[in-house]
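# Everything below, folded, please.
(one chain, ligands or ions: 3)
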Amino acid sequence: MAECAHLDAITNVRLPARRECEECVKMGATWVHLRTCQTCGVTLCCDSSPNRHASKHAQHAKHPVIASAEPGERWLYCFPDEAFAEY
Ligand SMILES: [Zn+2]
Ligand SMILES: [Zn+2]
Ligand SMILES: [Zn+2]
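Ligands and ions are numbered 1, 2, ... in the order given. Below you'll find the predicted structure:
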């Protein structure tokens, strides 16, 4: 069991408005997988992508939890606690 108050606090999972990384689109870059910030709802690219926008956003904005924005994936991840949860 994950010991993470951030994950426990999430009752409604925020889903991507569009399936694209906002920052990569601005840069003309590409991504591998998409993640949606559960604090502000922005959708950004994963750590397997060249620009790792989701983890940079989590650090800079101090938004701890992302959800996978990939079709069929239903999990959350907390960066500061390195905690996963399925929903
Ligand atoms: Zn946490
Ligand atoms: Zn990106
Ligand atoms: Zn955010």
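# ok, now which ones touch C78?
For C78, the contacting residues are 2, 4, 6-7, 64-65, 84, by C-beta atoms under 8 Å, 6 or more residues apart in numbering. C-beta here means a position set from N, CA and C on the backbone, and glycine is covered the same way.
# out of these, which is most surrounded?
When neighbours are counted by other C-beta atoms under 10 Å, V65 leads the contacts of C78 with 25 neighbours.
# Read off the pLDDT value for that one.
We have a pLDDT of 98 for V65.
# Residue ranges in this structure under the pLDDT threshold?
Within the chain, the segments meeting pLDDT under 70 span 1-2.
# What about L76, how many residues nearby?
L76 has 22 nearby residues by other C-beta under 10 Å.
# Kindly report the same for H63.
Per other C-beta under 10 Å, the neighbour tally for H63 reads 18.
# cool, the one 4 residues further on as well?
Neighbour count for A67, taken as other C-beta under 10 Å: 23.
# Distance check, it against V42.
Distance check for A67 against V42: by C-beta to C-beta, to the nearest Å, it reads 12 Å.
# For the protein, just list every one of the helices.
5-8, 22-27, 53-61 (DSSP state H).
# Contacts (any at all) between ligand 1 and the shortest one?
Yes: for helix 5-8 and ligand 1, the contact criterion (C-beta under 5 Å from the ion) is met by H6.
# Next: the longest one.
No: with C-beta under 5 Å from the ion as the criterion, ligand 1 is not reached by helix 53-61; the gap is at least 10.6 Å.
# How far off centre is that helix?
Using C-alpha atoms, centre = their mean, to the nearest Å, the mean C-alpha position of helix 53-61 is found 9 Å from that of the whole chain.
# and what of the second one?
On the basis of C-alpha atoms, centre = their mean, helix 22-27 sits 15 Å off its chain's mean C-alpha point.
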